[in-house]
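Asks: Everything below, folded, please.
(2 chains)
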Amino acid sequence: MVRTRIAPSPTGEDLHIGNLYTALINFVWAKKNKGKFIVRIEDTDRQRLVKGAEERILQTLKDFGLSPDEDPQKGGPYGPYRQSERLEIYQKLAHQLVEKGYAYYCTCSKERLDDLRKKQIAEKKIPRYDGHCRNLKSQSSKLKTKNYVIRLKVPRDRKIVVEDLLRGRVVFDSNNLDDQILLKSDGYPTYHLAVVIDDCLMKISHIIRAEEWLSSTPKHILLYEAFGWEKPVFCHLPILRNPDRSKLSKRKNPVWASWYLKQGYLPWAVLNYLALMGWSHPQEKEIFSLEEFIEVFDLKDLQVVGPAFDPVKLEWMNGEYIRKTQNSKLKTQILDFYKKYQQKNLPENLVEKTVPLIQERIKKLSDYWDYCQFFFERPKEYQIDLSNKKELLKKIYQELETISDWKAQTIGEKMVYLAKKLNIKAGEFFMILRVAITGKKITPPLNESMEILGKEECVKRLKFI
RNA sequence: GGCGCCUUCGUCUAGCGGCCUAGGACGGUAGGUUCUCAACCUACAAAUCACGGGUUCGAAUCCCGUAGGCGCCA
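Replies: Predicted structure coming up:
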C-alpha cells in the first residue's frame, strides 16, 4: 500500500507554494498507486507557532483540490495527526533508544555547551557536541528530576548510505554527523526524532519531500536502524527557486499558496504549472488535467535541478484555462471570486452577458473588474480629455437615438457610417466614443458593450459629458 | 568553512552514443487580422549543450577534473 504524506509546520501565514508543490507530487503518487495521501501537522516548534495556520493550511489544500485522506481534522487509523498530541509516544520511544544503547542522556549545561562551541570555533573546528555524556551511566530515575536531553549516539567511522529514488546512492560519513538531540529538556522531540517515528507509525511508504532534507536523512537512517524499522523509499524533490536562483522566498516572490487564489488564479492552473517544474509530459504537452497527470506521471521521471518559478508563464497558463472554461462556469467562477475575495456581489445576468466579451482577454479572474467595471458603474474619470469633443458626442448620441434595433452590428454600422460622414478616421472615432462610454482606453469590444449597456444608458453617458 | 546535490536558449524543458547544422513551451521581435486591448495566424532571433581533459569510428548523452549555483550544518 502506497502511503505518502506532507508534514507542514504551522509557522507561517498559510501553506507555502513549495509545500503545495510537494503536496501535489505526494497526492498524485498516492492516487496513481491507489494509496493514501496524509497530512501531518508538525507543530513541535512552540515558539514559531502561528495561530490559525493549521486551519489555513488544510483549507488551502482543499481549495486546490488536494484533499488528504487522513489529517488532524478528519483523523484516520494512525492518529493523532498533530505532533503536539503525540508527545508520549516520542518520549517512550526515546527512552527506549537509551535503554537499547543507541541514545544517551546528556546533562551538559548551556554554559558548558556554549564554551565548547566557542572553543571549537576558535580552533576552527566544526562546532559539535563532544560526546561528554556518552558514557554517563543511565540513571533515568535520578535524571528525571534534572534537566536533561536525549542524544543520538552516532556511530563513528561509518558510511551511511541514503538510497534516493532520483539520485541513487548518496553516501555520508558518520563522522560528520553531530550527536543530534532527539528529545529536548522540555519533553518535546526534535524534528528528526518525531519525523522518523511518525512516518513509521503512520506506515508511510514513500517519503517525498524537498531536497533541503537530504542532508538530514542519514540521521533518520540511523534512527530507523536503531529502532529496527524498515526504511521507506526516499525521494528528494527539487527546490523551487526565485528568479535569482535562491530558494523560493517571500522576499522575492509571493509564496503563500492562497495568495494565488486571491489573485484569481484557478487552482488547477497553478497545479498544472507546478507539475511542469522538474517534469515534462511524455508528449511535451503543457496543458493537461489532473486525471491525465495521475495517469502519465512517474516519480522516476522527475528532474533534480531546482527550477525557477516563473510568474509570467503561470499567468499565461491561467489565461489558457480561462479561455477553455465554459461560459456558464466562468460566470460562476467570476461571481464566486468577487464575492469571496472582494466582498462584491455582482449581478449574475450582467456578468453572464459580459463573459463572452472578456473570456479571451483576462488572464486572472481579478482582471475582470479592470475590463468590466464600466458595466456596473458610470465612469468617474476619463482617460482622454473629452472637453472639446462635446459637439461630436452630441452628433453621436443623436445618431444612436435613431437606432430602433439595438444590436451590436447595427450600432457598429451606424457608427462607421457617421464617422465616414464626419470624415473622421474609424480608429480615432471609436476611441473617443470608447472613452466617453467606458472612461477607459482599453475595453472589451465597444459595439457589443454598448448593446449590453442599452441604448438609454449609452445616450445618458454621452449627454452627461 | 565542512558535507551533499546540481549544471541544455532569459525561463520551464525534450534529449538517455549516431535520427541534433539540439526540438517544444513561456517570454521577446517583426508582420497579418482588427474600433482599443486581447485572442488567433505567420515568420524571426535566442543554448559553441558551464569549462577542460579523456573513452569511442562517433558524445549534449559515458568517465575524470575544474569552475559556478543551490541546499543542509555551523
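Asks: gap between residue A:266 and RNA strand B?
Replies: Distance of residue A:266 to RNA strand B, given as C-beta to the nearest atom of the strand, to the nearest Å: 16 Å. Glycine gets a C-beta too; all of them are placed from N, C-alpha and C.
Asks: Can you give me the neighbour number for that residue?
Replies: Using other C-beta atoms under 10 Å, the number of residues around residue A:266 comes to 23.
Asks: got the contact list for it?
Replies: For residue A:266, the contact set (C-beta atoms under 8 Å, 6 or more residues apart in numbering) comprises A:318, A:321, A:322, A:325, A:333, A:365.
Asks: ok, now with 10 Å
Replies: If a contact means C-beta atoms under 10 Å, 6 or more residues apart in numbering, then residue A:266 has A:64, A:260, A:272, A:317-318, A:320-322, A:324-325, A:330, A:333, A:337, A:364-365 as its contacts.
Asks: Can you go through those and name the buried ones?
Replies: Buried subset of these (neighbour count, 16 or more other C-beta atoms under 10 Å): A:64, A:260, A:272, A:317-318, A:320-322, A:325, A:330, A:333, A:337, A:364-365.
Asks: circling back to that earlier point, from the contacts of residue A:266, which are also near RNA strand B?
Replies: The subset of the contacts of residue A:266 within reach of RNA strand B, by C-beta under 7 Å from any atom of the strand, is empty.
Asks: In helices only, show me those.
Replies: The helices, defined by DSSP state H, take in A:260, A:272, A:317, A:318, A:320, A:321, A:322, A:324, A:330, A:333, A:337 from these.
Asks: Wait, the first one touches residue A:314, no?
Replies: Spelled out, that is residue A:260. Yes. Using C-beta atoms under 10 Å, residue A:260 is in contact with residue A:314, at 7.9 Å.
Asks: intersection of neighbour lists for those two?
Replies: Common contact partners of residue A:260 and residue A:314 (C-beta under 10 Å, 6+ apart): A:269, A:270, A:273, A:364.
Asks: For residue A:169, what are phi and psi?
Replies: phi -80, psi 120 (degrees, to the nearest 10).
Asks: backbone phi and psi for the nearest residue to it once chain neighbours are set aside, please?
Replies: In space, and not counting its chain neighbours, residue A:169 is closest to residue A:161: 5.5 Å by C-beta to C-beta, 6 or more residues apart in numbering. Backbone torsions for residue A:161, taken as degrees, to the nearest 10, come to phi -100, psi 120.
Asks: For residue A:209, the count of nearby residues, please.
Replies: Neighbours of residue A:209 (other C-beta under 10 Å): 22.
Asks: now residue A:53
Replies: Neighbour count of residue A:53, defined by other C-beta under 10 Å: 20.
Asks: do the one 3 residues further on as well
Replies: Counted with other C-beta under 10 Å, the burial measure for residue A:56 works out to 19 neighbours.
Asks: Now do the buried residues in the strand or helix carrying it.
Replies: Taking DSSP states H and E as the criterion, residue A:56 maps to helix A:53-63. In terms of neighbour count (16+ other C-beta under 10 Å), helix A:53-63 has its buried residues at A:53, A:54, A:56, A:57, A:58, A:60, A:61, A:63.
Asks: Tell me the one of those nearest residue A:103?
Replies: Nearest to residue A:103 among the buried residues of helix A:53-63: residue A:54, at 29.9 Å, using C-beta to C-beta.
Asks: so what's the closest one closest to, chain neighbours aside?
Replies: Nearest-residue entry for residue A:54: residue A:10, 4.4 Å, with adjacent residues in sequence omitted and distances by C-beta to C-beta, 6+ apart.
Asks: What is the neighbour count of the one you found?
Replies: Residue A:10 has 24 neighbours, counted by other C-beta under 10 Å.
Asks: For it, which three-state class applies?
Replies: Per DSSP: H, G, I helix; E, B strand; the rest coil, the local secondary structure of residue A:10 is coil.
Asks: what residues are up against it?
Replies: Residue A:10 sits next to A:41-43, A:45, A:48-58, A:82, A:84 when contact means C-beta under 10 Å, 6+ apart.
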